[in-house]
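# Here is the input, now give the coordinates:
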Amino acid sequence: MENLQLTVSDFVALVNQTLEYAYPTVTIVGEVAEFRVSQGKWVSFKLKDEESVIDCFMAAFNLRIPIENGMKVLIVASPRLNGKWGKFSLNIRAIKPVGEGSIKKGFELLKAKLEAEGLFAPERKRTLPRVPSHVAVITSTESAAYADFCKIINERWGGMNVEVAHTQVQGDPAADQIIRAIKFFNSLEVLPEVLVIVRGGGSAEDLMTFNDELLAREIAGSRIPTLVGVGHEVDHTLADMVSDVRAATPTNAAEILVPDRREIIRSVHQQASSLGYQLIQAIDQHSVRVNEQLDQAFRRIRERLDDAFERLGTLRVAVAQLNPENVLKRGYALLRGEAKLGAALEIETYKEYITAEVKDVRSK
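Okay, here's the model as predicted:
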């Protein structure tokens, strides 16, 4: 081996083969410097600490959260010796901020980017059905959050068709697993009515999965209305900001998803009681109105009858005055026969009938 002569290319290949065998991947924490993006496709920067610095290189699509100079990051990379440029560098496979300051900075950068694109706009938000019958859930089925979620929906409503996709909810593979689950549910012939994503509380680093840019975009682009409950009430992630409805916790997600049947039963009883009372009131009020209308009708009828009787009395007086007997009582007489000489006339008085002979007829 001491006398082994190698070409430059052979040496570079040997070094890379040795590195690939001995250190296929390395995980390194350092500070970002000289960060830049070339042609929108390639990302390069230097990773440094107090004593050393190393070049890093990656494809832009692998950058899942914004990075800037001064941020502390953790990278998973493959060490390589670039034969063309004669430089040793790290080919990055994954990168994420570490430390509270860097995590917050990355979050704020991506938040501003997505907000500028309108992904948080209220007009994009869809409402959830009041009582869904078919629900998809993405979470770790081994978590306490999932157990709490199932307990609450069964206590409050139950009877739903719930499909569950088990994924990791923290760590490097988690975001991609959740993305695949979202794509799966969105590809179904019969779509669920709601897509629920839940996980319990944790540190800022534990919740970083839900600040992944690709995951946030996948949630925003879901054909199914989304309900996201991640962490505790004080925790805010990009996943719940782009969702249609944010839940403060997994338990709150279950409470938002379905109503409490006990509350509904109580509400129905109250409404029935109120409706019965309102119905009785309406009947009473209607009875009062009907009685008033009947009283008015009877008064009008009585007034008309009184008027009719009064007119009838007047007519009776007039008819009585025209009665021939009444005329005879006043001393008048009725004559029957022809007014000519020698003719017999019948004279009717009130009490007698008299026959008389016409002796004289003169013109008046």
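# which ones are touching the residue lying closest to Ser133 once chain neighbours are set aside?
In space, and not counting its chain neighbours, Ser133 is closest to Met160: 5.8 Å by Cβ to Cβ, 6 or more residues apart in numbering. Backbone N, C-alpha and C define where each C-beta goes, glycine included. Going by Cβ atoms under 8 Å, 6 or more residues apart in numbering, Met160 touches 132-135, 153, 258.
# next one: Asn82
12, 88-89.
# So which residues of the stretch 201-350 of the chain form strands?
Applying DSSP state E, counting those that start in this stretch to the stretch 201-350 of the chain gives strands spanning 226-230, 245-247, 334-336, 344-348.
# For stretch 89-106, list every residue counted as buried.
89-90, 92, 94-98, 102-103, 105-106 (16 or more other Cβ atoms under 10 Å).
# Those residues in strands, which ones?
89-90, 92, 94-97 (DSSP state E).
# State the pair within the residues you listed that is farthest apart.
Maximum pairwise distance among those (Cβ to Cβ): 20.8 Å, between Ser89 and Pro97.
# Among the buried residues of stretch 89-106, which one lies nearest to Pro79?
Leu90 (5.8 Å).
# next one: phi and psi at the closest residue in space to the closest one that isn't next to it in sequence?
Leaving aside its chain neighbours, Leu90 sits nearest to Ala77 (3.8 Å; criterion: Cβ to Cβ, 6+ apart). For Ala77, the backbone dihedrals (degrees, to the nearest 10) come out as phi -150, psi 170.
# Quickly list what Ala77 is bridged to.
Val26, Ile92 (DSSP bridges).
# In contact with it, which residues?
25-26, 28, 56, 90-93.
# For this structure, give me the ranges with low pLDDT.
1-3 (pLDDT under 70).
# Point me to the residue sitting closest to the centre of it.
By Cα atoms, centre = their mean, the mean C-alpha position of the chain lies nearest to Thr127, the distance being 2.8 Å.
# Quick check, it in contact with Ile256.
No - applying Cβ atoms under 8 Å, one finds Thr127 not in contact with Ile256, separated by 11.1 Å.
# If we ignore the residues flanking it in sequence, what's nearest Ala254?
Closest to Ala254 by Cβ to Cβ, 6+ apart is Ile152, at 3.5 Å.
# Okay, and the one you found sits in which element?
Under the criterion of DSSP states H and E, Ile152 resides in helix 144-156.
# And that helix, what does it pack against?
strand 134-139, strand 161-166, strand 194-199, helix 250-257 (3 or more Cβ pairs under 8 Å, 6 or more residues apart in numbering; DSSP states H and E).
# Quick check: PyMOL command selecting the buried ones in the contacts of Met160.
Per 16+ other Cβ under 10 Å, the buried members of the contacts of Met160 correspond to this PyMOL selection:
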select buried, resi 132+134+135+153+258
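# will you turn the contacts of Met160 into JSON lines that also has distance to Leu63?
Shown next, in JSON lines, are the contacts of Met160 (distance: Cβ to Cβ, whole Å):
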{"residue": "Pro132", "distance to Leu63": "36"}
{"residue": "Ser133", "distance to Leu63": "40"}
{"residue": "His134", "distance to Leu63": "36"}
{"residue": "Val135", "distance to Leu63": "33"}
{"residue": "Ile153", "distance to Leu63": "37"}
{"residue": "Val258", "distance to Leu63": "39"}
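# Pick the one among the contacts of Met160 closest to Ser38.
Nearest to Ser38 among the contacts of Met160, with distances taken as Cβ to Cβ, is Val135, at 44.7 Å.
# Domain ranges for this structure, per the record?
For the chain, automatic domain parsing gives the domain ranges 8-100, 132-262, 325-357.
# before we move on, the earlier item: I'd like the ones in strands among the buried residues of stretch 89-106 as a markdown table, with distance to Gln278 appended.
Putting these into a markdown table (distance: Cβ to Cβ, whole Å) gives the following:
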| residue | distance to Gln278 |
| --- | --- |
| Ser89 | 79 |
| Leu90 | 75 |
| Ile92 | 70 |
| Ala94 | 65 |
| Ile95 | 65 |
| Lys96 | 61 |
| Pro97 | 61 |
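# All set now, cheers.
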